[in-house]
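# Mind looking at a prediction? Sequence and model below.
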Amino acid sequence: MRNWFSRWTISQKIVASFILLIVIGSVLLWLPISQAFGSQATYFDHFFHSASLVTVTGLVDTPIAQTYSFFGQIICLILMQIGGLGLMTIVASIVTAFGKRMSLSERLAVQEGLNREDATDFRSFLSTILRYVFVIEGIGFFVLSFRFIPEFGWAKGLFTALFLAISGFTNAGFDTLGSNSLAAYVHDPLVNLVISVLIILGGIGFHVWFDFASVSRNWIKRKGKKKLLYFYRSLSLHSRLAIVVSLILTGLGTLLFLLVEYQNPETIGDFSFGQKLLASFFQTVTMRTAGLTTVDFTKVYPFTLFWFIISMFIGGSPGSTAGGLKTTTFAMIVLLIYNVFRGQKNVNIWNHTISETLVRNAFVIFSVFFSAFLLGTGILSLLNPDVEFIVLMFESVSAITTVGISAHLTTSLGIMSKITLMVLMFAGRIGPITMAESLARKDKETKNITYASGKIIIG
């Protein structure tokens, strides 16, 4: 059995681990002990929820609080946590913790799942990731408990704080508060800011965490005047690019939401300026990767939906719990276009030249991801001809980028539409490239074949 499994490609192992987790999760959620009193959910509903939980998407057929008992909600919590980090990462951490050695193929599989450049020193790397995760989630849980314990009591308050802390950090977008997400806390600075920080930290990527921590230690030890510019330049090119793109998207998104929805009485029109700014910031942060929301997206203007479709499509950073195209991949496409218009053959940024292979890979990932999004939207439009096209686009991109926000459409969709969403969620979590490669024949080798030069007119 082990020899048979070892012959699988890395991508096939990643795909299989997620499928296995989804199936196990659906069975556990289907058990009578997991059901809330009066729940009418079918096995298909549980399978849909399991797929959404494992892919940390956030789309639901019925609200978690109304569907599952306390035991069922614990299962949801576990599926979110494992799905956010990846099953293979969890298994590898357990294996290395017991002093077992991982084979090269197993280390490469975890490397692929984490977008890590090398497969060395995995025990230290994995233990550090888990330590960061539990510390960040623990702090979020501790702070949120000050809000929810007075409101719900000790037991429910602590569990609600824990559930939201894990949901926020893993960018899952689930809650146990009902069908309106965090709408009741739209004016609450503590809830909005703590969850926003958790989402940002979860979506920025493991690489940036480690780089930031390393530079911080050196910066603190540095003698003389500690300049922020030195700190910034000490970060790796990847970290700087991920942080800058994230800041631009967050700042621009907050400003656009504030300006467009400023006088919309159905969203933030009746709020004070401070409340409008807080709501605009939270929607922008959560819309890129997470799925929690404090406003009703059936009430926003069409331009707001259009902008957030773009924002969701870009998503978070590589090696994170977030979905989407990824910030650095998007940056490569923008830099390619910018340098071409400047007449520059190479793609340059901040005195660095990006390799042609890296730029080409970014373009391929963009093309596949965009094609999957268009295909999913097209299928949903065929299955739901009476629904506005922009709402279908919103639902499709929310699934493939594992954001999980819906304009109240998911619950009204038919089985075929929900299957389409599950495929999009699955593809978005493991990556369209990984999914396509996992289905390819293992013995196929890529060969560079050169023929006579051909000329084609473009443009």
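Nice, thanks for sending it over.
# mind listing what the residue lying closest to L380 once chain neighbours are set aside touches?
Among residues not flanking L380 along the chain, L392 sits closest, at 4.6 Å (Cβ to Cβ, 6 or more residues apart in numbering). Backbone N, C-alpha and C define where each C-beta goes, glycine included. By Cβ atoms under 8 Å, 6 or more residues apart in numbering, the contact list for L392 reads 377, 380-381, 384, 409.
# what do you get for P318?
By Cβ under 8 Å, 6+ apart, the neighbours of P318 are 115, 205, 207, 238, 242, 326-329.
# out of the residues you listed, which one sits closest to R147?
G205 (28.1 Å; Cβ to Cβ).
# Surely the closest one touches S320?
Yes: assessed by Cβ atoms under 8 Å, G205 is found in contact with S320 at 4.0 Å.
# Determine the number of other residues adjacent to R288.
28 (other Cβ atoms under 10 Å).
# confidence score at it?
You'll see R288 listed with a pLDDT of 77.
# ok, back up a step: who wins for most neighbours among the contacts of L392?
L380 (25 neighbours).
# tell me the contacts of that residue?
Contacts of L380 (Cβ under 8 Å, 6+ apart): 387, 392, 395-396, 417, 420-421.
# 10 Å instead?
387, 389, 391-393, 395-396, 399, 409, 413, 416-417, 420-421, 424 (Cβ atoms under 10 Å, 6 or more residues apart in numbering).
# Quickly find the element holding it.
Using DSSP states H and E, L380 falls within helix 356-383.
# Return the set of buried residues in that helix.
Using 16 or more other Cβ atoms under 10 Å as the test for burial, helix 356-383 gives 359, 362, 365-366, 368-369, 372-373, 375-377, 379-380, 383.
# Now do the helix or strand just after that helix and helix 356-383, the angle between them.
Elements were assigned by DSSP H and E; along the chain past helix 356-383, the next helix or strand is helix 389-400. Relative orientation of helix 389-400 versus helix 356-383 (axes from the mean of the first three to the mean of the last three Cα atoms, to 10 degrees): 130 degrees.
# hmm, back to that, list only those of the contacts of L380 flagged as buried.
Here, 16+ other Cβ under 10 Å leaves 387, 391-393, 395-396, 399, 409, 413, 417, 420-421, 424 buried among the contacts of L380.
# What is the nearest of these to L130?
A399 (28.3 Å).
# Tell me if I'm right that L237 and N351 touch.
Yes: taking Cβ atoms under 10 Å as the definition, L237 is a contact partner of N351 at 9.5 Å.
# For the stretch 51-200 of the chain, which segments count as helices?
Ranges of helices in the stretch 51-200 of the chain, per DSSP state H, counting those that start in this stretch, are 64-67, 70-85, 87-97, 104-114, 122-152, 154-169, 189-204.
# what helix or strand does V244 sit in?
Going by DSSP H and E, V244 is part of helix 237-261.
# What's the first helix or strand after that helix?
Downstream of helix 237-261, the first helix or strand assigned by DSSP H and E is helix 273-289.
# now the angle from the next helix or strand after that following helix to helix 356-383?
Downstream of helix 273-289, the first helix or strand assigned by DSSP H and E is helix 302-314. Helix 302-314 and helix 356-383 are oriented at 130 degrees to each other (the same axes, to 10 degrees).
# Could you verify my assumption that N171 touches M287?
No: under the criterion of Cβ under 10 Å, N171 is not in contact with M287, lying 11.2 Å apart.
# Now for these two: what residues contact both?
By Cβ under 10 Å, 6+ apart, the residues touching both N171 and M287 are 199, 403.
# if you count what's nearby, which of the two comes out ahead?
N171 (33 against 26).
# Quick check: the gap between the more buried one and S381.
For N171, the distance to S381 (Cβ to Cβ, to the nearest Å) stands at 27 Å.
# can you tell me the distance between the two ends of stretch 291-305?
The first and final residues of stretch 291-305 sit 14 Å from each other (Cα to Cα, to the nearest Å).
# Give me the three-state assignment for the residue nearest to the spatial centre of the chain.
Residue closest to the mean C-alpha point of the chain, counted by Cα atoms, centre = their mean, is A322 at 2.1 Å. Judged by DSSP: H, G, I helix; E, B strand; the rest coil, the three-state class of A322 is coil.
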